[in-house]
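> When you get a sec, could you give me coordinates for this:
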Amino acid sequence: MLVLPNVWDAASAQVIEQVGFQAIATTSSGVAAALGYEDGQHITREMLVEVLARITRVVNCPVTADIEAGFGNSIAEVLQTVRAVIATGVVGINIEDSRKQPGSGLVDISYQVELLAALRELAAELDIPFVINARVDVFLLKIGEPESRFEQAVQRANAYLQAGADCVYPIAHLEHDTIARLVEAIHGPINIMAGCSGTTLAEFERLGVARVSLAGSLMRSMLAHVRAVAVDILEHGSFEKLNAGL
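Predicted structure coming up:
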């Protein structure tokens with residue numbers, strides 16, 4: 001099972017690589033926050049590419065980038081984004097199947113299938129081992145009635161795999177039973193979001209999960225520690241928390 005801590009800048013990427021992880025993913029929410037923006041494609045394509053270039057410059061392990069919905073309003077524009085991302089040295093992407101406009105829901109499944117096929121063709125054209133992790137946002141956005149979401153997610157996931165995705169990512173805080181059912185019904189590797197519950201990596205592996213990522217939880221944990229240190233200094237005049245673990 002591939003475990004991917006999600007980083008937001010060059011420094012966090014270096015730390016994760018030094019610990020011993022063999023691959024690194026980025027988090028769109030973390031990258032946006034570090035640049036002073038909200039998540040949801042409020043940064044520009046150029047800003048994203050610059051961050052990715054800084055990360056790939058300082059690590060030797062493979063990097064996969066969260067490119068949200070692709071920073072484009074058409075397949076051609078998304079392909080431009082991915083070409084720029086690949087040029088930084090990134091060898092994988094996470095791409096969503098929902099729109100970024102307020103009030104918008106999922107993109108039409110036929111559009112996403114066409115997009116994924118075009119991305120697969122681009123990777124073949126460039127002759128690189130490029131990994132496409134196709135996000136499925138049915139659970140996250142609570143599309144339709146609760147009892148219909150599982151089938152919707154499975155339909156989209158299998159269509160995305162058939163179109164050329166290497167892995168699918170039904171993002172949300174999912175129960176054990178739902179994860180097990182998804183593993184059974186989806187015809188390919190599944191990425192699960194971890195870090196927000198008591199589920200261990202060993203339990204995810206027993207369920208048949210192929211890939212685990214942390215989304216923005218690693219950065220939130222780091223910021224919580226920064227806050228605790230700042231409070232300790234401000235309210236207690238102490239540097240105990242600052243020096244803990246050094």
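> Just the C-alpha atoms of the helix or strand harbouring L79, please, in PDB.
Element membership of L79, judged by DSSP states H and E, is helix 75-87. Extracted in PDB, the C-alpha atoms of helix 75-87 (Å, rounded to 0.1, in the frame of the first residue of the first chain):
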ATOM      1  CA  ILE A  75     -10.000  20.100 -21.800                       C
ATOM      2  CA  ALA A  76      -7.500  22.000 -23.800                       C
ATOM      3  CA  GLU A  77      -6.900  24.400 -20.900                       C
ATOM      4  CA  VAL A  78      -6.500  21.500 -18.400                       C
ATOM      5  CA  LEU A  79      -4.000  19.900 -20.800                       C
ATOM      6  CA  GLN A  80      -2.000  23.100 -20.700                       C
ATOM      7  CA  THR A  81      -1.900  23.000 -16.900                       C
ATOM      8  CA  VAL A  82      -0.800  19.400 -16.900                       C
ATOM      9  CA  ARG A  83       2.000  20.100 -19.500                       C
ATOM     10  CA  ALA A  84       3.300  22.900 -17.200                       C
ATOM     11  CA  VAL A  85       3.000  20.600 -14.200                       C
ATOM     12  CA  ILE A  86       4.900  17.800 -15.900                       C
ATOM     13  CA  ALA A  87       7.600  20.300 -16.900                       C
END
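> Starting from the strand ranked longest in the chain, tell me the next helix or strand along the chain.
Of all segments of type strand in the chain, defined using DSSP state E, the longest is strand 131-136. Using DSSP H and E, the helix or strand that follows strand 131-136 towards the C-terminus is helix 138-141.
> Contacts for that following helix next, please.
With contact meaning Cβ atoms under 8 Å, 6 or more residues apart in numbering, helix 138-141 is reached by S98, G105, L106, G144, R149, Q152, A153, R156, P170, I171, A172, L174. Bear in mind the C-beta positions are built from the backbone N, C-alpha and C, glycine included.
> ok now it, how far from the chain's centre?
Centre-to-centre, helix 138-141 and its host chain are 15 Å apart (Cα atoms, centre = their mean, to the nearest Å).
> buried sites along that helix?
For helix 138-141, a neighbour-count test (16 or more other Cβ atoms under 10 Å) marks V138, F139, L140 as buried.
> helix/strand/coil for the closest residue to the second one other than its chain neighbours?
Pointing back at F139 there. Excluding the flanking residues, the one nearest F139 by Cβ to Cβ, 6 or more residues apart in numbering is A172, at 3.5 Å. Secondary structure assignment for A172 (DSSP: H, G, I helix; E, B strand; the rest coil): coil.
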